[in-house]
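*Asks:* compute the structure for the input listed below.
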Amino acid sequence: MNLKKHLKFKKQLAAQAGFSILEIIIVVAIIGTLMGVIVSRISGGTDNAKSGITDTKAYTLQSKLIQYQLANGKFPTTAQGLQSLITNPGTPIAAEEDTRDGWGNSFDYKLTNKGPLIISNGKDGQPGSNESLCFLNGKKLDCKTVEAGAPN
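*Replies:* Below you'll find the model as predicted:
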């Protein structure tokens with residue numbers, strides 16, 4: 001009798017082995033959700049890193065503009081732009097790479113009545129976009145406020 005019970009129990013286990021389709025769908029949905037969260041965080045982290053690189057490069061450019069002013073008695077004009085740091089008579093103050101933001105786009109430059117304004121057009125590279133970053137006298141400011149109140 002014991003053998004019969006054992007064989008019956010084994011048949012029941014075999015019938016219940018594996019996962020139901022509903023369990024598999026739930027697990028796949030959970031894994032997909034987790035992957036989506038991870039990918040979005042990784043891609044967002046890349047933009048944050050490039051924004052940080054842009055901040056650092058802009059602050060470095062501000063210092064290089066001060067070096068230019070000390071050597072030449074004035075800041076470069078808007079027309080001369082950041083190119084004047086590369087082509088400075090005597091010793092170049094900056095390299096071409098120094099004049100590019102974290103996304104590889106060239107910084108824009110304007111000499112305002114408040115000082116040199118350095119502008120990164122952000123990830124999309126479009127002037128005046130919501131992604132633009134502005135730096136005036138070593139401070140990161142809202143571009144719309146800065147450009148409205150700082151004429152050349």
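*Asks:* mind jotting down where the helices sit in the protein?
*Replies:* 2-16, 21-72, 83-86, 143-149 (DSSP state H).
*Asks:* excluding covalently adjacent residues, which one is nearest to the most centrally placed residue in the chain?
*Replies:* Against the mean C-alpha coordinate of the chain, by C-alpha atoms, centre = their mean, the closest residue is Asp47 at 2.5 Å. The shortest distance from Asp47 to any non-neighbouring residue, by C-beta to C-beta, 6 or more residues apart in numbering, is to Lys123 (6.2 Å). Glycine gets a C-beta too; all of them are placed from N, C-alpha and C.
*Asks:* against Gly104, how distant is that neighbour?
*Replies:* Distance from Lys123 to Gly104, counting by C-beta to C-beta, to the nearest Å: 10 Å.
*Asks:* quick one, which of these two is more surrounded?
*Replies:* Between Lys123 and Gly104, counting by other C-beta atoms under 10 Å, Lys123 is the more crowded of the two (17 against 9).
*Asks:* Ile53 - nearest residue in space that isn't next to it in sequence?
*Replies:* Closest residue to Ile53 apart from its sequence neighbours, by C-beta to C-beta, 6+ apart: Gly102 at 3.5 Å.
*Asks:* with Leu117 instead?
*Replies:* Per C-beta to C-beta, 6+ apart, closest to Leu117 is Lys110, 4.5 Å.
*Asks:* for Cys143, give its distance to Asp108.
*Replies:* Distance from Cys143 to Asp108, by C-beta to C-beta: 10 Å.
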